[in-house]
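Asks: the following block contains a protein sequence and its predicted model.
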Amino acid sequence: GDSVTQMEGPVTLSEEAFLTINCTYTATGYPSLFWYVQYPGEGLQLLLKATKADDKGSNKGFEATYRKETTSFHLEKGSVQVSDSAVYFCALVSGSARQLTFGSGTQLTVLP
Amino acid sequence: DVKVTQSSRYLVKRTGEKVFLECVQDMDHENMFWYRQDPGLGLRLIYFSYDVKMKEKGDIPEGYSVSREKKERFSLILESASTNQTSMYLCASSPPLGPSLQYFGPGTRLTVT
């Protein structure tokens, strides 16, 4: 079945540091890939997505590139802020599936 | 502004009690989902529904049931709560061809003592 593997957290960075959160996947066919973010006390929000190989999703300074050859979708940001502190989830949906498959989530804390 | 609301943010119940978690969406979405979120395990799908009175089991349906009598409302039922059902429960909804476009509620943190 489909699965998503994320780097284990928690991740703690200083403000303005570079962020990478690794995500790899296993799926049948050609999945669409997503990053969701969960701020403290809130539900999940879609952060960015990519629907085919070599697509780059971007939003709020975050980027991720769909790499079919390495089955990866790593999340990056060049300069994190305290307000980026949240839990980040990588997810996929493949074929005609009606539901998302989520990774385990990565807690990010950014210190001033 | 789109909205998914859940009946409670925090809930404390005793072992053996019947527990109802309610979710309402105002976007006229066909699909609705219930997940539980546990540290290190991410989100796991319990049940989902793609139409009124329709339901399908997700990855971890044991110990849970659901009800969808109206399009906007999707209820999760714990028939006899147990301590291993202590968790954060998240509801989501999406349009029929957009499972990735899931809008999430704020979650209900359930503690079973």
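Replies: Sure, I can see it.
Asks: that's a strand at A:Ala64, yeah?
Replies: Yes: the assignment for A:Ala64 is a strand, going by DSSP: H, G, I helix; E, B strand; the rest coil.
Asks: okay, now the sheet partners of the lowest-mean-pLDDT helix or strand in chain B, with direction.
Replies: Of all helical and strand segments in chain B, the minimum by mean pLDDT, DSSP states H and E falls on strand B:103-104, at a mean of 90. Strand B:103-104 has the following strand partners under DSSP bridges: strand B:87-94 (antiparallel).
Asks: show me what the helix or strand that comes right after the least confident helix or strand of chain B is packed against.
Replies: Later in the chain than strand B:103-104, the nearest helix or strand by DSSP states H and E is strand B:108-112. For strand B:108-112, the packing partners by 3 or more C-beta pairs under 8 Å, 6 or more residues apart in numbering or on different chains; DSSP states H and E come out as strand B:10-13, strand B:19-25, strand B:87-94. No exception for glycine: its C-beta is placed from N, CA and C like everyone else's.
Asks: now with 7 Å?
Replies: Helices and strands touching strand B:108-112, by 3 or more C-beta pairs under 7 Å, 6 or more residues apart in numbering or on different chains; DSSP states H and E, are strand B:10-13, strand B:87-94.
Asks: okay, these, which one's buried deepest?
Replies: Mean neighbours per residue, mean count of other C-beta atoms under 10 Å in any protein chain shown, is largest over the helices and strands packed on strand B:108-112 for strand B:87-94, with a mean of 24.
Asks: so what's the residue of chain A found nearest chain B up against?
Replies: Here chain A gets closest to chain B at one residue, A:Gly43, 3.2 Å apart by C-beta to the nearest C-beta. Neighbour list for A:Gly43: B:90, B:104-107 [criterion: C-beta atoms under 7 Å, 6 or more residues apart in numbering or on different chains].
Asks: tell me the secondary structure at B:Leu76.
Replies: Assignment for B:Leu76 (three-state DSSP): strand.
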